[in-house]
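Q: Take this sequence and fold it.
(one chain, ligands or ions: 1)
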Amino acid sequence: MITRNPCIANIKAGYLFPEIARRRREFTTAHPDAKIISLGVGNTTEPILPHIGWGLVEGARQLATPEGYSGYQDEGLLSLRKRISRVFYKEDFDADEVFISDGAKCDIGRLQLLFGAGAKVAVQDPSYPVYVDGSVLSGAAGRWNGTGYAGITYLPCTAENNYFPDLAALPEHGLLYFCSPNNPTGAVATRGQLEALVKGANAKGLVIIFDAAYSEYIRDPALPKSIFEIEGAKTCAIEVNSFSKPAGFTGVRLGWTVVPKDLKYAGGESVNADWARICGTIFNGASNIAQAGGLAALDDEGLLEIRQLCDFYLGNAKLIRTALCDLGIACVGGENSPYVWARFPGRDSWDVFAEILEKCHVVTTPGSGFGPAGQSFIRFSAFGHRLDVEEACKRLASLKS
Ligand code: PLP
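A: Numbers count the residues shown, from 1 in each chain. Next comes the predicted model:
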């Protein structure tokens, strides 16, 4: 029989969320009457708003007409690529630098094909698990050493460094996954920090894969929403983004990746041309219905709905943050992001998770699941119905005793 890809055996994740689900099941079995509320996952809960929903319906209807029918669109509908460039990048990118995807996670998984198993990978610690897991699957991560992967440089982002990594530790000629607003910490990098990051990346020949999936949650106008707001980023960065969290497209599946033509490998070859090749080879494009929804999301009415939906979740985040602050629990995030990152000094994340589940019947996410530096933290997600979030916040008061 054929042997298993050893990279799959090397993957440690898939552990966090199944373990949370297992503990939740165990608790429900022991307490069948408990009404559990989840502030654990990053899945959206509110319906898609009417104008964007109409765009999806209309996209489907068009496909059933001779004049509106369309088939494969390879890197995406030209109209959507142009609109993304206009809405998010002041038309600073040509349409062939914007690639439409079936979601940011899918592109994050595919992007490592550009750099191969020999790439030196660095991540913010803690970080969204797919950066590390994708590196494990591509063979770039090396062996698991008990706390992390030997081939990955973990850049701690802690309260002590204000959740921004020490740039001196960036590997040369490698790949850095950088997420702002950050999942899980909710921290947003400032313009000055991103300027230093871009400068460091260009100096070290490093490529940044900048994950801006939560950029529409930024309310502070001083904070950059895209790495391409920073001069010099076109020669060192790729940006992934998504309609999932701003438009509620987690189940629709639509995102995009910007690969500038100025980005070159050490040998001078074009990264953009290779990405077009990869997309044409193993990905045949996002659903045309989803793309019609994306076009509706990015017209004037759609952008207002995006603002409204993000404001709703930010309202939840504010309630969670206030409830935690009232208890004297130090936290960051939740102001320009849908995640609140709460600190429980000296404690194990899983013990705090268990305490919150037992005392409040609220499911959260243990910070240690996002990387070694997440130990002693808990991530609270603002994706939930308002009544559930209000009830969960009331129950958090039981943590006082
Ligand atoms: N990037 C980050 C930082 C995320 O937290 C998530 C989902 O939780 C994604 C990407 C996934 O986006 P998509 O639904 O477009 O695959």
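Q: For the protein, what lies in contact range of the ligand?
A: 42, 103-106, 128, 179, 183, 211, 213, 242, 244, 250, 255 (Cβ under 6 Å from any ligand atom). For the C-beta atoms, the positions are set from N, CA and C on the backbone; glycine is no exception.
Q: and the longest helix for the chain?
A: helix 300-326 (DSSP state H).
Q: Now do the next helix or strand after that one: distance to the chain's middle.
A: The first helix or strand that comes after helix 300-326 along the chain, using DSSP states H and E, is strand 331-333. Centroid separation between strand 331-333 and its chain, computed with Cα atoms, centre = their mean, to the nearest Å, is 17 Å.
Q: So which residues make contact with the helix or strand following strand 331-333?
A: Sequence order places strand 339-343 as the next helix or strand after strand 331-333, per DSSP H and E. For strand 339-343, contacts defined as Cβ atoms under 8 Å, 6 or more residues apart in numbering pick out 42, 159, 181-187, 317, 320-321, 324, 329-334, 367, 376-382.
Q: Filter these down to the buried ones.
A: Among those, those buried by neighbour count (16 or more other Cβ atoms under 10 Å) are 42, 181-187, 317, 320-321, 324, 329, 331-334, 367, 376-382.
Q: just to revisit the earlier point, among the residues of the chain next to the ligand, the buried ones, what's the PyMOL command?
A: Burial among those is assessed by 16+ other Cβ under 10 Å; the matching PyMOL selection reads:
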select buried, resi 42+103+104+105+106+128+179+183+211+213+242+244+250+255
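Q: now the helices for the stretch 101-250 of the chain?
A: Assigned by DSSP state H, counting those that start in this stretch, the stretch 101-250 of the chain shows helices spanning 104-111, 130-138, 191-204, 244-247.
Q: returning to what we had before: from the residues of the chain next to the ligand, which land in strands?
A: Using DSSP state E, the subset of the residues of the chain next to the ligand located in strands is Cys179, Asp211, Ser242, Gly255.
Q: ok, so of these, who is nearest the ligand?
A: Minimum distance to the ligand across these is 3.1 Å, recorded for Ser242 (Cβ to the nearest ligand atom).
Q: With distance to Arg219 and pLDDT added, can I get the ones in strands among the residues of the chain next to the ligand in CSV?
A: What follows is those, written out as CSV (distance: Cβ to Cβ, whole Å; pLDDT from 0 to 100):
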residue, distance to Arg219, pLDDT
Cys179, 18, 98
Asp211, 19, 98
Ser242, 19, 98
Gly255, 22, 98
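Q: Out of the residues you listed, the closest to Thr235 would be?
A: Asp211 (19.0 Å; Cβ to Cβ).
Q: in this structure, what secondary structure element scores lowest on mean pLDDT?
A: Every helix and strand of the chain was ranked by mean pLDDT, DSSP states H and E. The lowest is helix 6-9, at a mean of 90.
Q: Packing partners of whichever helix or strand comes after that helix?
A: Per DSSP H and E, helix 6-9 leads on to helix 16-30 as the next helix or strand towards the C-terminus. Helices and strands touching helix 16-30, by 3 or more Cβ pairs under 8 Å, 6 or more residues apart in numbering; DSSP states H and E, are helix 349-360, strand 365-366.
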